[in-house]
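Q: return a 3D structure for these sequence lines:
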Amino acid sequence: MEYLHLNMTNVPRRFRFPFPVHSLGYILHSQSQKGRNVYLGKIEFCLRLGSTEEEYALDILEGKEYRTPFPHVIIKPPGVERSFEIKGGREAFYVIYPESVIPSLQKAGFGLRPFLWEIAVSSRMTDWMRRLRELFNSSQEPGVAEQIDHLSFALLEEMFFARQRPVGEENFQERKIRRIASYLQLHFKEKVEIGELAAENGFSRRSFFRHWNAVYRESPFRHVQSLRLTEAERLLCDSDMPVETIAEQVGFEDSSYFIRLFRKHRGMTPYRYRFRMAGSHVRTFPGESPKR
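A: Model prediction:
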């Protein structure tokens, strides 16, 4: 069995991170065992990656039996009795925090129930675990503890994001939709052909809109419009470019249409918005009036 455990409790940090790691570890090819334990003073988040001997993991928490397929996440909170049976061959990565961080975790939105959930291991999670294992050999060097704290928290966030996503086909389709939305986030200033973008990602036009509407409340067209208007707001506040130039900069070919749209969605013209947000000291250009 390969078993690496790193205790971080006595490693000094130069910068205070609100979620300092107590310890973390990696297990490869675990041995068969049965047992019962109760964590005191700490909480563990364990990502069970797989097993060569088991189809599912058997755990009993607070008297309730769980049979969970791999891969999955299990939370081991303080004061909760856990009985378990391991037939061997498991691979797992775990991060342990001191009990004192639990209120901050909960306030930040990390609910401690359910105790277990299935997960699709993303490439980001695999990369973060690899980078953490590489840091095991240099944990005492300056700045490494801070890196471990941040990477561990990023891994924890991804575990909880995965709890909100179903495992399977719908999750796969949602990832593609979000990849398209990420593309739009970068290219909203350009002329975007939604049909071509959908086809490039394996959607028919009909299936694209069906899956898009399952993830986002506004249509792709409205989504792009919102991105353009938000960027226009930023430019109105952070630059002295004329409104007509801003309209073109964010992807509107017709500045009059941009002004009407901005007034419809923001309740005032771009000129008035700039005046209110930046103050009367803003330099104006011919044809612009803060009073409009």
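Q: in the strand or helix carrying L186, what's buried?
A: L186 is part of helix 169-187 when elements are defined by DSSP states H and E. Buried residues in helix 169-187, counted by 16 or more other Cβ atoms under 10 Å: 173-174, 176-177, 180, 184. Glycine gets a C-beta too; all of them are placed from N, C-alpha and C.
Q: for the stretch 51-200 of the chain, which spans come out with low pLDDT?
A: 165-170 (pLDDT under 70).
Q: hang on, the earlier thing: mind putting the buried residues of helix 169-187 in a markdown table, distance to G89 included?
A: Shown next, in a markdown table, are the buried residues of helix 169-187 (distance: Cβ to Cβ, whole Å):
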| residue | distance to G89 |
| --- | --- |
| Q173 | 32 |
| E174 | 32 |
| K176 | 33 |
| I177 | 36 |
| I180 | 39 |
| L184 | 44 |
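Q: with respect to L132, which of the residues you listed is nearest?
A: Minimum distance to L132 across the buried residues of helix 169-187 is 27.0 Å, recorded for E174 (Cβ to Cβ).
Q: does the closest one touch A214 like I think?
A: Yes. Counting by Cβ atoms under 8 Å, A214 is a contact partner of E174 at 7.4 Å.
Q: any shared contact partners between these two?
A: Here E174 and A214 have no joint contacts, going by Cβ atoms under 8 Å, 6 or more residues apart in numbering.
Q: measure stretch 12-24 end to end?
A: 16 Å (Cα to Cα, to the nearest Å).
Q: ignore the last one, stretch 49-59
A: Its start and end residues considered, stretch 49-59 measures 16 Å (Cα to Cα).
Q: mind checking how far S152 is from S23?
A: Distance of S152 to S23, given as Cβ to Cβ, to the nearest Å: 10 Å.
Q: repeat for Y273
A: 52 Å.
Q: likewise L47?
A: According to Cβ to Cβ, L47 and S23 sit 15 Å apart.
Q: between the two, who's got more neighbours?
A: Neighbour totals were compared for L47 and S23, and L47 leads with 22 against 16 (other Cβ atoms under 10 Å).
Q: so where does the more buried one fall, helix or strand?
A: strand 42-51.
Q: what's that strand packed up against?
A: strand 72-76, strand 90-98, helix 144-163 (3 or more Cβ pairs under 8 Å, 6 or more residues apart in numbering; DSSP states H and E).
Q: which residues sit against the first one?
A: Same thing as strand 72-76. Contacts of strand 72-76 (Cβ under 8 Å, 6+ apart): 39, 43-48, 57, 59, 68, 82, 112, 115-119, 159, 162-163.
Q: name every strand pairing with that strand and say which way it goes.
A: Strand pairing for strand 72-76, determined by DSSP bridges: strand 42-51 (antiparallel), strand 116-118 (antiparallel).
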